[in-house]
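[1] I would like to see how this sequence folds:
(chains A and B)
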2 protein chains.
Amino acid sequence: MVQEKIVVMGAGAVGCYYGALLALNGHQVTLIGRPGLVEAVANKGLLLERQSGIETVALAASESVEAVADASIVLLTVKSGDTESAGRAISPLLASNSIVLSMQNGIGNAERLAVILGRPVVPVVVYIAAEMAGPGHMRHRGRGELVFPEGPDSSRLASLFNDAGAPATVSNTAETAMWTKFVVNCCVNALSALTNQTYDQIAMHEGAEQLVKDTMHECVAVASASGVSLPGNIWEIVWNVFSSMVGQRSSTAQDLTRGRKTEIDHFNGEIVRLAQRFEIDVPVNNALWTMVRIAESK
Amino acid sequence: MVQEKIVVMGAGAVGCYYGALLALNGHQVTLIGRPGLVEAVANKGLLLERQSGIETVALAASESVEAVADASIVLLTVKSGDTESAGRAISPLLASNSIVLSMQNGIGNAERLAVILGRPVVPVVVYIAAEMAGPGHMRHRGRGELVFPEGPDSSRLASLFNDAGAPATVSNTAETAMWTKFVVNCCVNALSALTNQTYDQIAMHEGAEQLVKDTMHECVAVASASGVSLPGNIWEIVWNVFSSMVGQRSSTAQDLTRGRKTEIDHFNGEIVRLAQRFEIDVPVNNALWTMVRIAESK
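    Below is the predicted model:
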């Protein structure tokens, strides 16, 4: 096995999880993140908590982006709102042969990043439930699969993650998978955030199913105008969230509660932006986007 | 002047205000309300706070509905969700010649009450900003005008309130006024509640004007199907709230914050109910209604 030099740019829960798995499999990993994370990892390593238990993973961490210069692979895991600034920070440092992966929520991040970097970026669909339980303490709650689009590096990258214990596949429908995840986020995140309620509680209320359907139908119309065809069972996929994620609130709800900026501009806000381009009415997505923005301005 | 025996059924801020004005003008007024109010009024009278200052008003207060038996006029000021239970409580006691006024938010309260009482009920449109500042302490913030529909008792009732200092008119467009106020409530209350933000702050956000317009257009369609024509400048009336009520949040926002049941079923919920009858799509009103209900279930 080739030892890769891997840099995680913007190490939150997602970046720490995959960085830890790759480090445990013998790769040289550097997390670039906030001072609290860097200090914790320097002092005691990264705590990786899974159902099987907690272990400490030794890896490098830095507040500076300098390490990007040596990277053979960069995993970009910043929030969608920070894609441009992260891209501008790493662009002057990237080696010509390094590969950049966008492992973010939303659609279009890889494309926006590619423009800034002047090179292709691999958009990876990430299915994971994870959170930072404290500084340097990553908690994995479930899943962890990755889907890569077809491309020159895809099978090598999928093997890299598979070998490290993260189930990864290469698919000719990766764009559909990315959009499906995006539509699910549009249908569930704001609703949980504005009501500050868990998915299973939301689903019990009269009107909730209609609200989620109305949100989804607007998203499907925008996807169709964008040339993307969603799975035939998209409704089942969306509605399943409300029964399968019992007791959980959305990441947007958690962001609002903690006074952090949400990703709403890249969920329902992106639907509104695309809908304007295609002259489609999306009143429910506009309502959800606008209200979350107002709520987070407090 | 004839001294009337007036009972305020469900004395909150609105009922205390008009009850106090009528008592100050020499009428015999009894407030029927919650134990906290009754105890405070029995001990020290009702505190009436206006811009001109605070004064104490001596009047009767009771938790029991018995006083209704002697009333020549009953002012029903309970929340819309309590109309039926209040009607059933007073129905066996009402004298045959007593007059009942519905001074409530929403539409249809007078009609629902009339069915229970087996007699006509006068629907009064109330324009007031008021709150209970504490037990037995009513704070008037602004306005106070009343609009009566044309009817056999209307000019006598309008005089009763006018003489007591509450500007009251009789109008052949009282139903339009009632619906206009209702549509305004549908457009502003839930939005302020779900974002927990003040009107002026809401209006500053991209998307807010579109959201309010979308809400209003659905309401206008339902009004039209219901045979009600709204004023031509309904949009100006609605949008004016966001600039005229600086620093204020909606009553629904205050209810949510205090863990009280809101009137949302009688605002956006009523639009949803009527829309189903007329087979009109009202996705934004359904979203607002549903999310407030979910939020208040916590």
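
[2] quick one, what contacts the residue of the stretch 101-250 of chain A found nearest chain B?
    Going by Cβ to the nearest Cβ, chain B is nearest to residue A:207 of the stretch 101-250 of chain A, at 3.4 Å. In short, each C-beta sits where N, CA and C put it, glycine included. Counting by Cβ atoms under 8 Å, 6 or more residues apart in numbering or on different chains, residue A:207 touches B:272, B:286, B:289, B:290, B:293.

[3] if we use 10 Å, what do you get?
    Shown in contact with residue A:207 (Cβ atoms under 10 Å, 6 or more residues apart in numbering or on different chains): B:268, B:269, B:272, B:285, B:286, B:287, B:288, B:289, B:290, B:291, B:293, B:294.

[4] now narrow those residues to whatever sits close to chain A.
    Contacts with chain A within those, as defined by Cβ under 10 Å from any Cβ of the partner chain: B:268, B:269, B:272, B:285, B:286, B:287, B:288, B:289, B:290, B:291, B:293, B:294.

[5] what about the second one, how many residues close to it?
    Residue B:269 is surrounded by 26 other residues when neighbours are defined as other Cβ atoms under 10 Å in any protein chain shown.

[6] next one: residue A:177
    Residue A:177 has 17 nearby residues by other Cβ under 10 Å.

[7] just checking, it is part of a strand?
    No - with DSSP: H, G, I helix; E, B strand; the rest coil as the criterion, residue A:177 is located in helix rather than a strand.

[8] quick revisit: and which of the contacts of residue A:207 is nearest residue A:144?
    residue B:294 (30.4 Å; Cβ to Cβ).

[9] which of the three states applies to the residue of chain A most remote from its centre?
    Outermost residue of chain A with respect to the C-alpha centroid, by Cα atoms, centre = their mean, is residue A:206; its distance is 30.9 Å. With three-state DSSP as the basis, residue A:206 sits in coil.

[10] ok, it - contacts?
    B:269, B:272, B:286, B:289, B:290, B:293, B:294.

[11] now do 7 Å
    For residue A:206, the contact set (Cβ atoms under 7 Å, 6 or more residues apart in numbering or on different chains) is empty.

[12] phi, psi for it please.
    phi -50, psi 140 (degrees, to the nearest 10).

[13] how close does it get to residue B:282?
    Distance, residue A:206 to residue B:282, using Cβ to Cβ, to the nearest Å: 14 Å.

[14] do the same with residue A:8
    46 Å.

[15] for residue A:289, same thing?
    Counting by Cβ to Cβ - residue A:289 and residue B:282 are separated by 19 Å.

[16] avg pLDDT for stretch A:194-202?
    Averaging pLDDT along stretch A:194-202 yields 97.

[17] what comes up buried for that stretch?
    By 16 or more other Cβ atoms under 10 Å in any protein chain shown, the buried positions in stretch A:194-202 come out as A:194, A:195, A:196, A:197, A:198, A:199, A:201, A:202.

[18] export stretch A:126-137 to CSV, keeping only CA atoms.
    Output in CSV follows, covering the C-alpha atoms of stretch A:126-137 (Å, rounded to 0.1, in the frame of the first residue of the first chain):
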residue,chain,number,x,y,z
VAL,A,126,-21.2,11.3,2.2
TYR,A,127,-23.8,9.4,4.3
ILE,A,128,-22.9,9.7,7.9
ALA,A,129,-24.4,10.7,11.3
ALA,A,130,-21.6,12.2,13.4
GLU,A,131,-20.9,15.0,15.8
MET,A,132,-18.1,16.6,17.8
ALA,A,133,-18.8,15.7,21.4
GLY,A,134,-16.1,18.1,22.6
PRO,A,135,-12.8,19.5,21.5
GLY,A,136,-10.9,16.7,19.8
HIS,A,137,-13.7,14.2,20.6
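
[19] residues from the stretch 101-250 of chain A in reach of chain B?
    Within the stretch 101-250 of chain A, the positions adjacent to chain B are A:191, A:194, A:195, A:196, A:197, A:202, A:205, A:207, A:208, A:210, A:211, A:214 by Cβ under 7 Å from any Cβ of the partner chain.

[20] what average pLDDT does the longest strand anywhere in chain A get?
    When chain A is parsed with DSSP state E, its longest strand is strand A:137-149. In this model, strand A:137-149 has a mean pLDDT of 96.

[21] mind listing what it pairs with, with the direction of each?
    strand A:46-50 (parallel), strand A:125-134 (antiparallel), strand A:168-171 (parallel) (DSSP bridges).

[22] neighbouring contacts of that strand?
    Against strand A:137-149 from outside (Cβ under 7 Å, 6+ apart): A:13, A:16-17, A:20, A:46-50, A:122-133, A:154, A:157-158, A:161, A:166-171, A:174-175, A:177.

[23] give the buried residues for the helix or strand that contains residue A:253.
    Assigned by DSSP states H and E, residue A:253 falls within helix A:251-257. Within helix A:251-257, the residues that qualify as buried are A:251, A:252, A:253, A:254, A:255, A:256, counting by 16+ other Cβ under 10 Å.

[24] rewinding a little: make TSV out of the residues of the stretch 101-250 of chain A next to chain B and add secondary structure.
    Formatted as TSV, those follow (three-state DSSP):
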residue	secondary structure
A:191	helix
A:194	helix
A:195	helix
A:196	coil
A:197	coil
A:202	helix
A:205	coil
A:207	coil
A:208	helix
A:210	helix
A:211	helix
A:214	helix
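
[25] ok, whichever residue of the stretch 1-150 of chain A sits closest to chain B - contacts?
    Chain B sits closest to residue A:81 of the stretch 1-150 of chain A, with a gap of 15.2 Å, by Cβ to the nearest Cβ. Contacts for residue A:81 (Cβ under 7 Å, 6+ apart) come out as A:261, A:263, A:265, A:266.

[26] go again with 10 Å.
    So residue A:81 contacts A:106, A:261, A:262, A:263, A:264, A:265, A:266, A:269 (Cβ under 10 Å, 6+ apart).

[27] returning to what we had before: from residue B:259, how far out is the residue farthest from the centre of chain A?
    Taken as Cβ to Cβ, the span from residue A:206 to residue B:259 is 21 Å.

[28] next one: residue A:166
    Taken as Cβ to Cβ, the span from residue A:166 to residue B:259 is 44 Å.

[29] who's more crowded, those two?
    When residue A:166 is set against residue B:259 and neighbours are counted by other Cβ under 10 Å, the residue ahead is residue A:166, at 20 against 8.

[30] pretty sure the more buried one is touching residue A:158, no?
    Yes - using Cβ atoms under 10 Å, residue A:166 is in contact with residue A:158, at 9.5 Å.

[31] can you list the buried residues in stretch A:232-248?
    For stretch A:232-248, using 16+ other Cβ under 10 Å, the buried residues are A:234, A:235, A:237, A:238, A:239, A:241, A:242, A:245, A:248.

[32] in helices only, show me those.
    A:234, A:235, A:237, A:238, A:239, A:241, A:242 (DSSP state H).

[33] right, and the pair among those with maximum separation?
    Across these, no pair lies farther apart than A:234 and A:242, at 14.4 Å, counting by Cβ to Cβ.

[34] ok, the closest residue in space to residue A:148 that isn't next to it in sequence - contacts?
    In this structure, residue A:148 finds its nearest non-sequential neighbour in residue A:154, 4.3 Å apart by Cβ to Cβ, 6 or more residues apart in numbering or on different chains. Residues near residue A:154 by Cβ under 10 Å, 6+ apart: A:122, A:124, A:147, A:148, A:168, A:169, A:170, A:171, A:174.

[35] widest-spaced pair of those residues?
    Going by Cβ to Cβ, the pair spanning the contacts of residue A:154 furthest: A:122 and A:169, at 13.6 Å.

[36] out of those two, which sits in the busier spot?
    residue A:122 (22 against 16).

[37] so residue A:31 is in which element?
    Per DSSP H and E: strand A:28-32 holds residue A:31.

[38] give me the mean pLDDT for that strand.
    Here the average pLDDT along strand A:28-32 is 98.
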